[in-house]
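Whatever this is, show me its structure:
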Amino acid sequence: MTVPPEDRMSELRQLFFETAAELVQKLNDEAMQLEKSPGDAETARSLRRTVHTLKGDSAACGFRELSELCHEFEDVLTLGNTAAAASVPEIALRAADVFAALLEAYQKGTKLPSIQSLRADIARLAHPARDGAGKPPLKKRKAAAKTSRWSEYEQLAMTRAVAMGKRVHHVIVEIDPQCAMPIAGRQMIQLALAELGEVLALYPAEDSLDPIKQIEAALVSEKPVEQIRARCNIPTIALNAKVKALRVPAPLAPIPQASDAASEGSAAVGMNEAALPAPAAGNTAHCPVNDANDVAAAAEPAAAPGVPSGPDNLLRVDAEKIDSVLNLVGELILAKSMLQQALLEFGARFPKDGLRGKFADAMVFQGRVLNDLQHAVMKIRMVPVDQLFRRFPRIVRDVGRQCGKEVELTIKGGQTDLDKSILDAIAEPMTHLVRNAIGHGIESGEERVRAGKRAQGALRLDAYHQGNQVVIEVSDDGRGIDGEKVRRRALGQGLLNADQAGRLTEAETLDLILRPGFSTAEEITEISGRGVGLDVVQNVLGRLKGTVQIETAKARGTTFRMRLPLTLAIIRALLFRVEQRLYALPLNAVSEIARTVEENIHQVEHYEVLQLRNDVLPLLRLGSKPPIGPETARRKVFVLVINSGDHKFGLVVDALEGEDELVIKALDDQSITTDLVSGASILGDGRVVLILNMIALMDRFTHGRTNATGSRMAGLLSSVVPAKTSGGGIQTGETRARGATGGQS
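This next block holds a predicted model:
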């Protein structure tokens, strides 16, 4: 089947956008490395190869502005003078920003950003000697006039065709000046050429705004020259068609694949000239080519980023397709629960039936295979945290310069795997934490020296697995957070009163900096003030069913510790009942289960507590408190002990239902009006279980103590009444919500 040209170009551009981001990130990394080691020839060559690859890829996709800007930047990178070499890192970092902005504009179809300032600075470095009014020397202008109209990509296709023994013709067709519709004429000539063979290049491009006076094409065809000429001489459109053997430009060596992957474990395949399919006629880019520089750069052993060794073993798969497979795995887990429920009922009805054992064996085998399938699909979604961490050296450099501080960044645990959707979601919170650590946490050089520290501050990013969670830490060795100052600021901003402030623990005091609008900075700027924008951290982690913990020591620094689930789609949960309603919590959130009676629960000031061994455990009651009396005093209850960072409290529940593997179904805001519920799931017998939001529970616990209104939450869950479901829909109260398996709340 022949792929239509527009579909082929669409696929090409999609591939380009996926790999171009890696190329820009690699350009950032190499520029910063060159800034630290100005004389590193290997880094300089690698940077030039990166720009060269981006130039060729963008030219192949018709992104002329980006391709030409990369081409001009190459002139700077090939110069040997010391002045240009010293300025390369700074120009390269600016170029990376402009390249990223151009890519975003191309992808979204918005207005392109201005590139004139960068282009002027590049020109000053590339051409220090100018004649007249800032023009290049006369010899260079004449050489530029003779520059081939074919792009590198087109030249490479022509060279490859000749090397394969194909006949390549240079077809020149003059357009009749009396032709009323030159654009339509160009289309007819293009179709005629396509019938004769394979069109490697066609000029002018389809989107060209210049008047069409003549058309040139590179055509691979075994047809006789006379037949080609006759077919192109279309009456009222073409005046004269000339066909001659194509003079193939100097051969361009294909850039080999990289052995050093930009991010280990990534499945992205770098795109270079050798890897691209033949261009569609009319969709090629027209950009000047500097033959000497291009051949030199292409001949170097080099590489598109993100390409591990053995690219033939890699597949590029859309994330939505993986999500679809994961959704199907979730449905299989629901089916397994239904089968298990049916098997239990069968065993109860026919306890001595011989089929019972066979069914049980089949269920065990199916469960093992399904568990392996689930883990295999989850591994496909996992990517190393380094894909996020490698953005921060540039951020630390820029923010440090803006604040006038020297900061050393240390990164550990980059190979820790995390779900791609979660990794993308925490990018903004991580950026806020890093910027605030530099802007407000780390002192100035003079202040650090006076405190007996080295002038250069230290910032550390770390990631590691802990159980079925991933922990990401952002730590600095700055001045720490002054709890008393935080309380005073909170009082001044009206976030709490004096009575509430006096009852705050140290951990609760630190949590205030995650409140919207809170800041300890005397003068709020874009960076200054630990707390400016930090409510984003709390909000995002709440959506991701994660937690954030703050540790600080005066004059020693601060650590933000984020705990995140490995996945948002399937969880191991503990099921329990409150007032005959079924709820669930992630099993990893429960550190202990205690059994007690109502008379052991005591009232201290405005909240309930339980003496658990030698500790006093504050309690949070999800249901209504029973009336006082001798009968209720001996009423048995269960207490789920929750450990969340520095917070430890107990949830009082009526009964336990066991544990199960739940497939999370997303619920919209119209279905659930309380933030205490983050999702729902369907059990094997059709019952709906609501999954409680740990962040909201913890927030309600701390606010209940702070506001002195008691720990009881009667009525907050009573409006949510789960019912049975007969299909993919979940019925809660009067509203039905249909959510995709594995969706996020």
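
in the protein, which residue is closest to the centre?
D424 (3.2 Å; Cα atoms, centre = their mean).

tell me which element V609 is part of?
According to DSSP states H and E, V609 maps onto strand 607-612.

Same check on M338?
helix 319-349.

Next secondary structure after that helix?
Following helix 319-349 toward the C-terminus (DSSP H and E): helix 355-381.

okay, the most far-flung residue of the chain relative to its centre: pLDDT?
In the chain, the residue that sits farthest from the middle, by Cα atoms, centre = their mean, is P630; the gap is 58.0 Å. For P630, the pLDDT comes out at 77.

what's the answer for the one 3 residues further on, then?
Each residue has a pLDDT score; the one for A633 is 80.

cool, and G742?
35.

what do you get for R556?
Value for R556, per-residue pLDDT: 90.

again, but for R435
pLDDT, read off for R435, is 91.

do the same with Q387
88.

quick one: strands adjacent to the host helix or strand of T559?
T559 is part of strand 557-565, with elements assigned from DSSP H and E. Paired neighbours of strand 557-565 in the sheet (DSSP bridges): strand 469-476 (antiparallel), strand 547-553 (antiparallel).

Sketch out the strands for the stretch 401-550 of the chain, chain order is fine.
407-412, 417-419, 457-466, 469-476, 547-553 (DSSP state E, counting those that start in this stretch).

Who are the packing partners of the first one?
Using 3 or more Cβ pairs under 8 Å, 6 or more residues apart in numbering; DSSP states H and E as the contact criterion, the elements in contact with strand 407-412 are helix 392-403, strand 457-466. Just so you know, the C-beta spots here come from the backbone N, C-alpha and C atoms, and that holds for glycine as well.

how big is the angle separating that strand from helix 392-403?
160 degrees (axes from the mean of the first three to the mean of the last three Cα atoms, to 10 degrees).

which neighbours does strand 407-412 have in its sheet, and in what orientation?
Counting by DSSP bridges, strand 407-412 is paired with strand 457-466 (parallel).

got the buried residues for the partner strand?
G457, A458, L459, R460, L461, D462, A463 (16 or more other Cβ atoms under 10 Å).

Make CSV from these and add distance to D476 and pLDDT to it.
Output for the buried residues of strand 457-466, formatted as CSV (distance: Cβ to Cβ, whole Å; pLDDT from 0 to 100):
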residue, distance to D476, pLDDT
G457, 7, 94
A458, 7, 94
L459, 5, 95
R460, 8, 95
L461, 11, 95
D462, 12, 95
A463, 16, 93
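
Could you export the strands paired with strand 557-565 as JSON lines, including mean neighbour count and mean pLDDT?
Shown next, in JSON lines, are the strands paired with strand 557-565 (neighbours: other Cβ atoms under 10 Å; pLDDT from 0 to 100):
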{"stretch": "strand 469-476", "mean neighbour count": "22", "mean pLDDT": "91"}
{"stretch": "strand 547-553", "mean neighbour count": "19", "mean pLDDT": "88"}
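
now those strands in CSV, with distance to W150?
As requested, these are exported to CSV (distance: least, Cβ to Cβ, whole Å):
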stretch, distance to W150
strand 469-476, 49
strand 547-553, 55
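
Tell me which of those strands sits nearest to L587.
For the strands paired with strand 557-565, proximity to L587 was assessed by Cβ to Cβ; strand 469-476 is nearest, at 11.4 Å.

circling back: how about the helix holding M338: buried residues?
323, 326-327, 329-330, 332-334, 336-337, 339-340, 343, 347.

same for that helix, what does it pack against?
Identification of packing neighbours for helix 319-349 by 3+ Cβ pairs under 8 Å, 6+ apart yields helix 355-381, strand 570-578, strand 655-663.

just the ones you listed: most buried one?
strand 570-578 (a mean of 20; mean count of other Cβ atoms under 10 Å).

Tell me what angle that strand forms with helix 355-381.
120 degrees.

Could you export strand 570-578 as CSV, keeping only the C-alpha atoms?
Extracted in CSV, the C-alpha atoms of strand 570-578 (Å, rounded to 0.1, in the frame of the first residue of the first chain):
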residue,chain,number,x,y,z
ILE,A,570,-3.9,-0.3,40.1
ILE,A,571,-3.4,-0.4,43.8
ARG,A,572,-3.3,-2.9,46.7
ALA,A,573,-5.9,-1.7,49.1
LEU,A,574,-7.3,-2.4,52.5
LEU,A,575,-11.1,-2.5,52.6
PHE,A,576,-13.1,-1.5,55.6
ARG,A,577,-16.6,-0.4,56.7
VAL,A,578,-17.9,2.8,58.3
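
wait, I189 sits on A238?
Yes - at 6.7 Å, I189 counts as touching A238 under the criterion of Cβ atoms under 8 Å.

which of those two has more neighbours?
Set side by side, I189 and A238 show more neighbours around I189, with 24 against 21, by other Cβ atoms under 10 Å.

isn't there a helix covering that one?
Yes - I189: assigned to a helix according to DSSP: H, G, I helix; E, B strand; the rest coil.

got a list of what it touches?
If you count contacts by Cβ atoms under 8 Å, 6 or more residues apart in numbering, I189 has them with V173, I215, A217, C232, I234, I237, A238.

ok, so of these, who is nearest H432?
Of the contacts of I189, the one sitting nearest to H432 (Cβ to Cβ) turns out to be A217, at 53.6 Å.

Let me know the next secondary structure element after the helix or strand harbouring that closest one.
Under the criterion of DSSP H and E, A217 resides in strand 214-220. Sequence order places helix 225-232 as the next helix or strand after strand 214-220, per DSSP H and E.

List the buried residues in that next one.
Result for helix 225-232 [16+ other Cβ under 10 Å]: buried residues I228, R229, R231, C232.

Quick check: nearest residue in space to I481, chain neighbours excluded?
T552 (4.4 Å; Cβ to Cβ, 6 or more residues apart in numbering).

related to what we said a few turns ago, so what touches the strand holding T559?
By Cβ under 8 Å, 6+ apart, strand 557-565 touches 418, 422, 426, 429, 433, 437, 441, 466, 468-481, 530, 537, 541, 544-552, 571, 586, 645.

quick revisit: could you list every helix and strand in contact with the strand holding V609?
Against strand 607-612 (3+ Cβ pairs under 8 Å, 6+ apart) you get strand 590-597, strand 601-604, strand 615-621, strand 636-644, strand 647-653.

rewinding a little: just the CA coordinates of the strand holding T559, formatted as CSV?
Extracted as CSV, the C-alpha positions of strand 557-565 are listed here (Å, rounded to 0.1, in the frame of the first residue of the first chain):
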residue,chain,number,x,y,z
GLY,A,557,19.5,23.1,55.4
THR,A,558,16.1,21.8,54.4
THR,A,559,14.8,18.7,52.7
PHE,A,560,11.6,18.3,50.8
ARG,A,561,10.7,14.6,50.6
MET,A,562,8.0,13.6,48.1
ARG,A,563,6.5,10.1,48.2
LEU,A,564,4.8,8.9,45.1
PRO,A,565,3.0,5.8,44.0
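
and that strand with strand 636-644, angle?
Using the same axes, to 10 degrees: strand 557-565 against strand 636-644 is 130 degrees.

tell me the angle the helix or strand hosting Q33 makes with helix 392-403.
Element membership of Q33 [criterion: DSSP H and E] is helix 5-36. Angle of helix 5-36 versus helix 392-403, following the same axes, to 10 degrees, is 60 degrees.

for helix 5-36, which positions count as buried?
Here helix 5-36 shows 5, 8-9, 12-13, 15-16, 19-34 as buried, counting by 16+ other Cβ under 10 Å.

Quick check: what element follows that helix along the chain?
Trace forward from helix 5-36 with DSSP H and E and the next one is helix 41-60.

Identify whichever of the helices and strands packed on strand 607-612 lies nearest to T159.
strand 636-644 (63.0 Å).

Just the residues contacting that closest one, thanks.
547, 549, 574, 576, 585, 589-598, 601, 610, 612, 617, 619, 648-656, 694, 697-698.

Put the buried members of those residues into a PyMOL selection.
The following PyMOL line selects those of those that are buried, judged by 16+ other Cβ under 10 Å:
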select buried, resi 547+549+574+576+585+589+590+596+598+601+610+612+617+619+648+649+650+651+652+653+654+694+697+698
